[in-house]
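Visitor: what follows is a protein structure lacking sequence information:
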């Protein structure tokens, strides 16, 4: 996850969807046995919960993390889960963090609609 420029990381990203692919269900006929087992462990075992709880999000430029759907602030739930009514009325669902704000002279400025 931290070596996105490396060849092995680019192969995983292209073939399986990278780190986001671990969270997605489906596509099992296109995945290797190893990847399916890893996804099954992440979703359906105690060890998967330990792994997910041990992950730390690094927002950086905000071009890979979905503002509402990813668990980047609170690992237990996404903002869409925590604030479901706001999510339902938002016209900015499925947007990346970068699409909802920018840096200016005084810091980060959000642009919510």
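Guide: Great, that's in hand. Predicted model only: the values in this text are computed from it and were never measured.

Visitor: look up phi and psi at residue 66.
Guide: In this entry, residue 66 is assigned phi and psi values of phi -80, psi 130 (degrees, to the nearest 10).

Visitor: excluding chain neighbours, what is closest to it?
Guide: Taking CB to CB, 6 or more residues apart in numbering, and ignoring the residues beside it in sequence, residue 66 has residue 96 as its nearest neighbour in space, at 6.0 Å. Every residue, glycine included, has its C-beta placed from N, CA and C.

Visitor: distance of that neighbour from residue 69?
Guide: 10 Å (CB to CB, to the nearest Å).

Visitor: where do the helices sit along the chain?
Guide: Listed in chain order, the helices found in the chain under DSSP state H are 7-16, 18-23, 33-44, 46-54, 79-82, 84-89.

Visitor: pretty sure the residue nearest to residue 66 sits against residue 61.
Guide: No - between residue 96 and residue 61 there is no contact, the gap being 9.3 Å when judged by CB atoms under 8 Å.

Visitor: more crowded one of these two?
Guide: residue 96 (14 against 10; other CB atoms under 10 Å).

Visitor: and the gap between the more buried one and residue 106?
Guide: For residue 96, the distance to residue 106 (CB to CB) stands at 22 Å.

Visitor: what about residue 91, how many neighbours?
Guide: Here the neighbour count serves as a burial measure; for residue 91 (other CB under 10 Å) it reads 7.

Visitor: ok, it - contacts?
Guide: The neighbours of residue 91, taking CB atoms under 8 Å, 6 or more residues apart in numbering as the test, are residue 113.
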